[in-house]
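Colleague: here is a sequence together with a model predicted from it:
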Amino acid sequence: MSTVDEGIVLPAKLMSNSRVLEEQTNILNMLNEHFTNISNIIKKAAFVESDFSNLKDFIDSKLSTHTYFVIEPITPFEVKKYIDKLDVHKSTGLDRIGPNILPYCGPNILPYCGDHITTSIAFIINTSIVNGLFPDALKEAYVLPILKGGNKEDSKNYRPISVLPTFPKYLRDT
C-alpha cells in the first residue's frame with residue numbers, strides 16, 4: 001500500500017487487462033475509470049430487461065392525491081441543533097470545514113459570530129430549496145477507493161466512497 005495526498009491509501013500494484021500498474025497516477029486513473037463505468041455495467045446487467053410499469057403506477061397513484069408539498073424553512077436554531085449532533089469523527093471534505101470545528105462556531109462559544117454562521121447556513125439552505133438550485137462547489141467530493149475484499153491488486157475489488165463536504169449534509173438531512 002502507498003499513501004498519496006490527503007492520507008489516501010492506494011494499493012502498491014493494480015492489475016489492468018493483464019498489465020501490472022505500479023505508478024500512483026496510473027493506479028488512480030485505473031480506479032477512476034473503473035468507478036466511472038460501474039453505473040454502465042450495472043445499468044446494462046440489471047435494468048435492461050426490467051419492467052418499471054408497476055413502479056410508475058404506484059408513484060402516479062400516490063402523487064395523484066397530492067397536488068403539492070411544502071418544505072418548511074429551516075431556522076438558525078435548527079441549524080445549531082444539527083451542528084450539535086454532528087459526528088466529530090467524520091472526515092472533512094473538500095470545503096475543509098470539518099464537523100469537528102463547527103460545534104465551536106455556535107452562539108454559545110462565539111456569541112456574535114456563531115449567530116451569523118447559523119443564520120448564514122440557514123439562509124443558504126432555504127435559498128437553495130426555494131430556487132431548486134444547489135451550489136456547484138458543494139457537489140464536489142473526495143472519492144476514496146475502499147477494498148471490498150479479495151485480491152487487492154484487482155480494481156474490481158474496490159468500491160468508491162465519496163467524502164462530501166460537511167455543509168451539504170445539512171441539506172440532505174433537513
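Modeller: Right, received. Where do you want to start?
Colleague: what values do phi and psi take at the nearest residue to Leu144 once chain neighbours are set aside?
Modeller: Distance criterion Cβ to Cβ, 6 or more residues apart in numbering; nearest residue to Leu144, sequence neighbours excluded, is Ile161 at 4.7 Å. No exception for glycine: its C-beta is placed from N, CA and C like everyone else's. When read as degrees, to the nearest 10, the backbone of Ile161 gives phi -120, psi 130.
Colleague: how about Ile161, what does it touch?
Modeller: By Cβ atoms under 8 Å, 6 or more residues apart in numbering, the residues touching Ile161 are Val143, Leu144, Pro145, Ile146.
Colleague: now do the helices in this protein.
Modeller: 24-42, 53-63, 76-85, 111-131, 166-173 (DSSP state H).
Colleague: looking at those helices, which is closest to Ala137?
Modeller: Ala137 lies closest, by Cβ to Cβ, to one member of these: helix 166-173, at 9.8 Å.
Colleague: and the gap between the residue nearest to Ser128 when sequence neighbours are not counted and Lys90?
Modeller: Of all residues not flanking Ser128 in the chain, Phe134 sits nearest, at 5.5 Å (Cβ to Cβ, 6+ apart). Distance of Phe134 to Lys90, given as Cβ to Cβ, to the nearest Å: 20 Å.
Colleague: what pLDDT is listed against the residue nearest the centre of the chain?
Modeller: The chain has Leu164 as the residue nearest its centroid, 4.0 Å off, counting by Cα atoms, centre = their mean. Each residue has a pLDDT score; the one for Leu164 is 83.
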